[in-house]
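S.K.: I'll drop the sequence and a predicted model, then ask my questions.
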Amino acid sequence: MKVLLVSRTRAVVPSWTEDLARFELSYARSLTAAAEQLGSEDVDAVVISADITAGDGADGQVVNGLTRLRERAHGAPLLMLTDGQRASALQRTLVDALLPASAPADVQAQLLELSAERAAVRAVLEERTVELEQRKRELNASRAQFRAVIERNADAIVVVDRDGVIRFANAAAALTTTQLGAEPGLPTREEVQALLSRMTG
């Protein structure tokens, strides 16, 4: 699993990173550097150290940095490694999960993996939703085109269900039955049956 760790210093290394078989780490020293790095590198998750969001003031800069990072993360979850005191409420709304520094390493690792899996599932669902909406638009366009062709056809077309109920009749069918003495409008079942008898008889 590829993880981008955003920390001002490599000295801030979460305990779950010791399991190198599970995690492939890359580093960035700022939110801006992380966003630039994500322009050329795909990752499964981004972990932001509390030292990035603490100190030097300007919560607005951190919020802007997190917002830009989210845009560049291509759906990868953003997790904030925190001691519970440093992240502001606004910052917490911009990340997918908080990764408590006090939690055991295996719990942190599981939370990281579950966040990445959830993001992957969400991405697949969004892709499928877009795909289904496109198919629905195509089907509706095809139906509209088919209906237009049928309605404009010079031949009389009548669709009757198994019970003999007329489900559709185009304008030519209505005109044909009217010419045979029926009332103007869509033909009745009896009128269609009479018409079919004349045509086949």
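M.R.: Received it, and whenever you're ready, just let me know what you need. The structure presented is a predicted model; accordingly, all values stated were derived computationally and were not measured. Numbering: from 1, shown residues only.

S.K.: most centrally placed residue in this structure?
M.R.: Nearest to the geometric centre of the chain sits E126, at 1.6 Å (Cα atoms, centre = their mean).

S.K.: D106 versus that residue, what's the distance?
M.R.: Per Cβ to Cβ, to the nearest Å, E126 is found 30 Å from D106. Glycine gets a C-beta too; all of them are placed from N, C-alpha and C.

S.K.: A33 now?
M.R.: Distance of A33 to D106, computed by Cβ to Cβ: 29 Å.

S.K.: Between the two, tell me which one has more neighbours.
M.R.: Ranked by neighbour count (other Cβ atoms under 10 Å), A33 and D106 place A33 first, with 14 against 11.

S.K.: got the contact list for that one?
M.R.: Listed by Cβ atoms under 8 Å, 6 or more residues apart in numbering, the contact partners of A33 are V6.

S.K.: did I read that right, it in a strand?
M.R.: No. Assessed with DSSP: H, G, I helix; E, B strand; the rest coil, A33 is helix; it does not lie in a strand.

S.K.: any idea of the mean pLDDT for the longest helix out of those in the chain?
M.R.: Scanning the chain for the longest helix, with DSSP state H as the assignment, gives helix 105-152. What helix 105-152 shows for mean pLDDT is 91.

S.K.: For that helix, name the packing helices and strands.
M.R.: Under the contact criterion of 3 or more Cβ pairs under 8 Å, 6 or more residues apart in numbering; DSSP states H and E, helix 105-152 touches strand 45-49, strand 78-82, strand 97-100.

S.K.: which of those is buried the deepest?
M.R.: Mean neighbour count (mean count of other Cβ atoms under 10 Å) peaks for strand 45-49 among those, with a mean of 26.

S.K.: so how far is that strand from its chain's centroid?
M.R.: The chain centroid and the centroid of strand 45-49 are separated by 23 Å under Cα atoms, centre = their mean, to the nearest Å.

S.K.: got it, and stretch 132-149?
M.R.: 22 Å.

S.K.: May I see the domains of the chain written out as residue ranges?
M.R.: 2-121, 153-200 (automatic domain parsing).

S.K.: thinking again about what came up before, make CSV out of the helices and strands packed on helix 105-152 and add distance to L175 and mean pLDDT.
M.R.: Output for these, formatted as CSV (distance: least, Cβ to Cβ, whole Å; pLDDT from 0 to 100):
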stretch, distance to L175, mean pLDDT
strand 45-49, 67, 89
strand 78-82, 65, 85
strand 97-100, 67, 82
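
S.K.: I figured E151 hits N170, correct?
M.R.: Yes. Applying Cβ atoms under 8 Å, one finds E151 in contact with N170, separated by 5.0 Å.

S.K.: Counting neighbours, what do you get for F168?
M.R.: Using other Cβ under 10 Å, F168 has 14 neighbouring residues.
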